[in-house]
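In: below: sequence and its predicted model.
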Amino acid sequence: MKLQATLFGILMLITTLPMGAGERITVKVSPAVAFAPANLVVRTMIEADQDNRAVEIVAESADFYRSSQIQLEGDKAPRTTNFEFRSLPPGTYEVRALLIGTGGEQRAFARQTINVIASGAGH
């Protein structure tokens, strides 16, 4: 039980690096720790730029991969975008937000690590 509490505390401290001046994209995932099957809300903040064409969000663990992409209308696109990943199985996930430019190139990315814990139901 103490090990679980310690693990939970450590995982709560894992967050993205703070946004500095001139960051093109940041990501915030909540919750940072959840019980499976987990629903994650991913919020991206994107700096307005005429060359922004898409944002891709990826949730990846050792045994699971899911992604979503939406088109952006350059500097007319909303600064904040929300994504939801539903029913994620247990695992440690890297959630990445990739900002894609006019030529399909990656312009920027941000990432956050989260943990989905097995619920123990049925054991």
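Out: Arrived safely.

In: and Gln106, bridged to which residues?
Out: Beta-bridge partners for Gln106, by DSSP bridges, are Ile100.

In: for Phe35, same thing?
Out: Beta-bridge partners, per DSSP bridges, of Phe35: Ile117.

In: ok, it touching Pro89?
Out: No - using Cβ atoms under 8 Å, Phe35 is not in contact with Pro89; the gap is 11.0 Å. C-betas here are computed from N, CA, C, even on glycine.

In: tell me, what's touching these two both at once?
Out: Counting by Cβ atoms under 8 Å, 6 or more residues apart in numbering, the shared contacts of Phe35 and Pro89 are Val116.

In: wait, a strand at Arg43?
Out: Yes - the assignment for Arg43 is a strand, going by DSSP: H, G, I helix; E, B strand; the rest coil.

In: from what I can see it touches Lys28, true?
Out: Yes - the criterion here is Cβ under 8 Å, and Arg43 meets it with Lys28 at 4.8 Å.

In: between those two, tell me which one has more neighbours.
Out: Neighbour totals were compared for Arg43 and Lys28, and Lys28 leads with 19 against 15 (other Cβ atoms under 10 Å).

In: what are the ranges of the helices in the chain?
Out: 2-13 (DSSP state H).

In: quick one: find the helix or strand in it with the lowest mean pLDDT.
Out: Across the helices and strands of the chain, the lowest-confidence element by mean pLDDT, DSSP states H and E is helix 2-13, at a mean of 48.

In: what is the burial count for the residue nearest to Gln71 when sequence neighbours are not counted?
Out: Sequence neighbours aside, Ala54 is the residue nearest to Gln71 in space, at 5.3 Å (criterion: Cβ to Cβ, 6 or more residues apart in numbering). Per other Cβ under 10 Å, the neighbour tally for Ala54 reads 16.

In: try Pro37
Out: 12.

In: and it, what does it touch?
Out: Taking Cβ under 8 Å, 6+ apart as the test, what Pro37 contacts is 86-89.

In: now restrict these to buried residues only.
Out: Leu88 (16 or more other Cβ atoms under 10 Å).
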